[in-house]
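Enquirer: Provided below are the primary sequence and the corresponding predicted coordinates.
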Amino acid sequence: MRKLLAEPLIQFVAIGAALFIAAQMFAPERLQSVDEFDISVDNKTLVHYLQLQAKSFSAADAEQKFLLLSEQEKQTLIDDYVRDQVLFREAMALGLDANDEVIRRRLIQKMEYIAQGFYQNIAPIDEAYLSEFFAENREDYQVAAAVSFTHVFFDEKKHGVEKAQQLATQSLAELNHKSIAFNGASQFGDRFLFNRNYIERTAEYIRGHFGKGFETLLFTLPSQTQWQGPFQSDYGFHLLLMKRVTEPRLPNLNEVSGIVLADARRRQQQDLKKQAVDTLIKKYNVSKVVNDS
Amino acid sequence: MTLSRLATAGLLAAAISNATTLQAEEPTQVLFGDTHLHTNYSFDAFLNQNKSADPDTAYRWAKGQPVIHPYNRARVQIETPLDFLVVADHAELMGVMRSIDNNTLELEDLGFIGNIKRWFAIYFLQDAMDSGREGSNFFATLLPRSAQNPGGDPVQDPTNTGIGSSAFGDTSKTETRAWNEIVDAAERHNDPGTFTSLIGWEWSSIPTGANLHRVVFTPDGADKAKQYLPYGSDQSEYPEDLWQWLQTTQENTGSRFVAIPHNSNISKGYMFAETTLKGQPITADYARTRVNWEPVAEATQIKGDSETHPAVSPDDEFADFETYAHYIQQDAQDYEAKPGDYIRSGLKRGLAIEEKVGVNPYKFGLIGSTDAHTGIASAEENNFWGKLAIDSTPETKKNGESIGEMKSNGWSMSASGLAAVWAKENSREEIFAAFQRKEVYATTGPRLKVRMFGGWDFDTTAYDADNLAEIGYAQGVPMGGDLTRSSDPSATPQLLIRAIKDPKEANLDRVQVIKGWVDRDGKQHERIFNVAWADERSLDGNGKLQPVGNTVDLSTGHYDNSIGSAELSTLWTDPSFNPSERAFYYVRVLQIPTPRHSLLDAIALQIPAPEEGPATIQERAYTSPIWYTP
């Protein structure tokens, strides 16, 4: 593909295509007359002109409208058309299109789309390219820190704040004394409206379920076999059995290959487009007279 | 290892690790998603200035990554990522506007005149699409006109011209390429266990402005999806023909589908009509075919809420919610709410038809979804990014000129629609299965977690049990299920209900049960029961409850959770049960009042709250019904 873009033939086709588009935009009006000072007006021209003016998409609607015009309205339409034609041709003759930023931008935009056309049938990405791309951009795929724990909850709405805290403190001793394990937690405390167990949940998720600040506390707690607490949330008091805190980590390629592939593909397209444009730029001599002052 | 095998291995590894670490606390978990999102491959999205948000953007947003908004170019990000997404672009002219804009339309030779006409059409369109206003104006010319003979078969009406334009010639090559790209994007982003993408599209039948749109999605992958092109309303505007095509395509390719009707609110009475679209009586065969393909209907979305309407449910004090009174058509027409337009009246009609022909054609579950055309599935009031790209900012919502004669703007739109699904795991198969058994529900945006089980003899303490779901499945049926006459003639249906607030949002006001039934004379009835509520309130003699209050500060848009409850649970027994009458029950959960997106805009613009909607709203959830059949 890269080689292909360097081919003079391909470049020729590209320039040809650009000319064709430019001609499409401007030529038909010009070609309507042999002499540059002749303007011929017929029904077809007027219907098209009317359609453009009315911003009506349907040619049939425009034709219908045209047929309903009075003689006077028709004459106005012709006058307008002639006026537009004359001004357009004079503008072209004066070369006003040459330095017009709007026209320039539209042409550049079209040329960019044509350049894009070069990679419509892009070569598939191979594993080597993907690995290389992944190695360069690995930080973009970082897996967020996560925490795993279970908890026993004491509802402050049910017991009142003081009593809930008191119950929690009492239970802490019992849980640790009996060495209650992860899956035994459901025998204790009140029902919490969200989850009992939290496995590999992010800080944001924890914040949503327990309230602001709780996640900061959780991520700093040591993982141990002992129950810890009580800790207050938006809903009451919690005793926690921490299983583990997973640090943020960089994943392996096979964990995120789908998204990496999509990103690599986008990068490849950007590169190819840049190459296509660079190849065109190479044909030109750019003389720089740029002063520092 | 080849690349695709590498990718599959990665997906499998992810699925397995999730399966082993996610100790199932409950038999099913709730997944939130959007089944109805348009990207720049939809002709109307593109014409209304969504030029850049493609399916890739849509999935990135849904997964929680920051993306660029297609109109205002701001970096935007969802508050809580979605669990699944269906990119459902219009089948008609799929990808065509996009191709016209970037010169990649695949052209057929239309002959000398045809080519010139097409050149003109393309030239005009490119010009129009450069300025937002004219793109929208052109869009308006594609819209239908109201019927000459209202109430008749709208497809045969003299004013019905169908969608699309033949000026481009056969665009199927361009559409095929677009479809393949949409399918490829879905395949790339599907990540079982974490995030599910489902392949789908929209069949956009809207004869004479009667909205009959259906979203279609499949749990199957690219290998099957690339064997067909999405069926569009340019092939037929009759839903019967869509169902026939689904049947044939299923036989030919092995693909499975569900079709989801939506925006019944603007169907001019045709969506849940008493006859077929052609005006023929509904037969058992028609009803069977319809429920086979359409197990679920969309009850709420950006173009308004379709649960019910004050004119259809005059006794429902909460019926006046996010109503949308604007038909999608060129000419002006006053809105008229009809029983065929709304979910609740549709469910009731279904019972009445079943009474006559033996099969209920309107036995559907409920979901919400956005129908956003921005590639950005946003249903949050404070993070809402528009129906169309062009109406996504406070000023363009306010000044949005009407499209055709439609008098709606960005503030008429509702920041609404999520589909909640009870599934064993987050995968295409499980989500599809949940749709088929209707174990799904609708929310207007917040992630309200709602359980509802029907049965005859639940443990009386079940509502407060840690393992409510286990009890529900063991002793009853979940939402979407059926109850039939109990062997005990004195038995009365019970509903076991638990609603939990969105962890990040407002508290709950109340839980209501909505019952619909048909009496011995064939008359249809509905009744609303307040069954659980927050704070110190009690029912009056008519079963009504005082309003919960309102903490919204209209000058800042802030509210607090000093009123309402984080959770509401109850075991409810129907006090008015008649074992010989067909009935359905569904649950409506109301949040405490929170600011509407239009209020937040108005505060930012320093103007009074706009009249297009109230300043504050009570967001809500609707469960799928449970049906009782004698």
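Expert: The structure has been received and is ready for your questions. Numbers count the residues shown, from 1 in each chain, chains lettered A, B, ... in the order given.
Enquirer: quick check: pLDDT value at the residue in the stretch 151-300 of chain B positioned nearest to chain A.
Expert: Distances between the stretch 151-300 of chain B and chain A by C-beta to the nearest C-beta are smallest at residue B:188, namely 5.1 Å. The way it works is simple: take the backbone N, C-alpha and C, and place the C-beta from them, glycine included. We have a pLDDT of 89 for residue B:188.
Enquirer: that one: what's it in contact with?
Expert: If you count contacts by C-beta atoms under 8 Å, 6 or more residues apart in numbering or on different chains, residue B:188 has them with A:258-259, A:261-262, B:56, B:59.
Enquirer: farthest pair in those residues?
Expert: A:261 and B:59 (13.2 Å; C-beta to C-beta).
Enquirer: so between these two, which is more surrounded?
Expert: residue B:59 (28 against 21; other C-beta atoms under 10 Å in any protein chain shown).
Enquirer: need the next SSE after the helix or strand containing residue A:199, C-terminal direction.
Expert: The secondary structure element spanning residue A:199 is strand A:197-201 (assigned by DSSP states H and E). Following strand A:197-201 in sequence order, the next helix or strand is helix A:203-210 (DSSP H and E).
Enquirer: got a list of contacts for the helix or strand following that following helix?
Expert: Beyond helix A:203-210 on the C-terminal side, the first helix or strand identified by DSSP H and E is helix A:214-220. Taking C-beta under 8 Å, 6+ apart as the criterion, the residues outside helix A:214-220 that touch it are A:145, A:147, A:149, A:203-204, A:206-207, A:231, A:233-234, A:240, A:242, A:245.
Enquirer: re earlier: A strand includes the residue of the stretch 151-300 of chain B closest to chain A, no?
Expert: No. Going by DSSP: H, G, I helix; E, B strand; the rest coil, the assignment for residue B:188 is helix, not a strand.
Enquirer: from residue B:174, how far off is it?
Expert: Here residue B:188 is placed at a distance of 21 Å from residue B:174 (C-beta to C-beta, to the nearest Å).
Enquirer: counting neighbours, what do you get for the closest residue to chain A within the stretch 251-400 of chain B?
Expert: Using C-beta to the nearest C-beta, residue B:330 is the residue of the stretch 251-400 of chain B that sits closest to chain A, at 11.8 Å. The criterion is other C-beta under 10 Å. On that basis, residue B:330 has 18 neighbouring residues.
Enquirer: after the helix or strand of chain B with the lowest mean pLDDT, next one along is what?
Expert: For chain B, the helix or strand with the lowest mean confidence is helix B:3-21, at a mean of 40 (criterion: mean pLDDT, DSSP states H and E). Taking DSSP H and E as the definition, the helix or strand that follows helix B:3-21 towards the C-terminus is strand B:29-37.
Enquirer: what's the domain layout of chain A?
Expert: Structural domains of chain A, as assigned by automatic domain parsing, span the residue ranges A:2-118, A:122-141+A:251-293, A:146-246.
Enquirer: now render those as JSON lines, adding mean pLDDT.
Expert: Written out in JSON lines, the entries for the domains of chain A read as follows (pLDDT from 0 to 100):
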{"stretch": "domain A:2-118", "mean pLDDT": "72"}
{"stretch": "domain A:122-141+A:251-293", "mean pLDDT": "83"}
{"stretch": "domain A:146-246", "mean pLDDT": "91"}
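Enquirer: pick the most buried one from the ones you listed.
Expert: When neighbours are counted by mean count of other C-beta atoms under 10 Å in any protein chain shown, the highest per-stretch mean among the domains of chain A falls to domain A:146-246, a mean of 17.
Enquirer: got the end-to-end distance for it?
Expert: With C-alpha to C-alpha, to the nearest Å as the measure, the first residue of domain A:146-246 is 5 Å from its last.
Enquirer: and residue B:421, which helix or strand is it part of?
Expert: Assessed by DSSP H and E, residue B:421 sits inside strand B:418-423.
Enquirer: show me what the following helix or strand past that strand is packed up against.
Expert: Next in sequence after strand B:418-423, counting helices and strands by DSSP H and E, comes helix B:428-436. If contacts are counted by 3 or more C-beta pairs under 8 Å, 6 or more residues apart in numbering or on different chains; DSSP states H and E, helix B:428-436 sits against strand B:196-203, strand B:258-261, strand B:418-423.
Enquirer: would you map the strands across chain A?
Expert: Under the criterion DSSP state E, chain A contains strands at A:146-155, A:197-201, A:228-232, A:236-246.
Enquirer: now the ones you listed as JSON lines including distance to chain B?
Expert: Conversion of those to JSON lines gives the following (distance: least, C-beta to the nearest C-beta, whole Å):
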{"stretch": "strand A:146-155", "distance to chain B": "8"}
{"stretch": "strand A:197-201", "distance to chain B": "5"}
{"stretch": "strand A:228-232", "distance to chain B": "15"}
{"stretch": "strand A:236-246", "distance to chain B": "10"}
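Enquirer: among the ones you listed, which is nearest residue B:26?
Expert: Judged by C-beta to C-beta, the one of these that comes nearest to residue B:26 is strand A:197-201, at 10.8 Å.
Enquirer: so what strands line up beside that closest one?
Expert: Its sheet considered, strand A:197-201 pairs with strand A:146-155 (antiparallel) by DSSP bridges.
Enquirer: report the distance from the strand it pairs with to the chain centre.
Expert: Between the centre of strand A:146-155 and the centre of its host chain there is 37 Å, according to C-alpha atoms, centre = their mean, to the nearest Å.
Enquirer: let's verify the residue of chain B found nearest chain A: helix, strand, or coil?
Expert: Distances between chain B and chain A by C-beta to the nearest C-beta are smallest at residue B:503, namely 3.6 Å. Under the three-state scheme (three-state DSSP), residue B:503 adopts coil.
Enquirer: ok but residue B:138 is inside a strand, no?
Expert: No. Under the criterion used here (three-state DSSP), residue B:138 is helix, not part of a strand.
Enquirer: that one - how many residues pack around it?
Expert: When neighbours are counted by other C-beta under 10 Å, residue B:138 comes out with 21.
Enquirer: quick one, phi psi at residue A:124?
Expert: Main-chain torsions, residue A:124, degrees, to the nearest 10: phi -60, psi 150.
Enquirer: using JSON lines, please lay out the helices and strands packed on helix B:428-436 together with mean pLDDT, distance to residue B:243 and mean neighbour count.
Expert: Shown next, in JSON lines, are the helices and strands packed on helix B:428-436 (pLDDT from 0 to 100; distance: least, C-beta to C-beta, whole Å; neighbours: other C-beta atoms under 10 Å in any protein chain shown):
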{"stretch": "strand B:196-203", "mean pLDDT": "98", "distance to residue B:243": "10", "mean neighbour count": "27"}
{"stretch": "strand B:258-261", "mean pLDDT": "98", "distance to residue B:243": "7", "mean neighbour count": "24"}
{"stretch": "strand B:418-423", "mean pLDDT": "98", "distance to residue B:243": "22", "mean neighbour count": "26"}
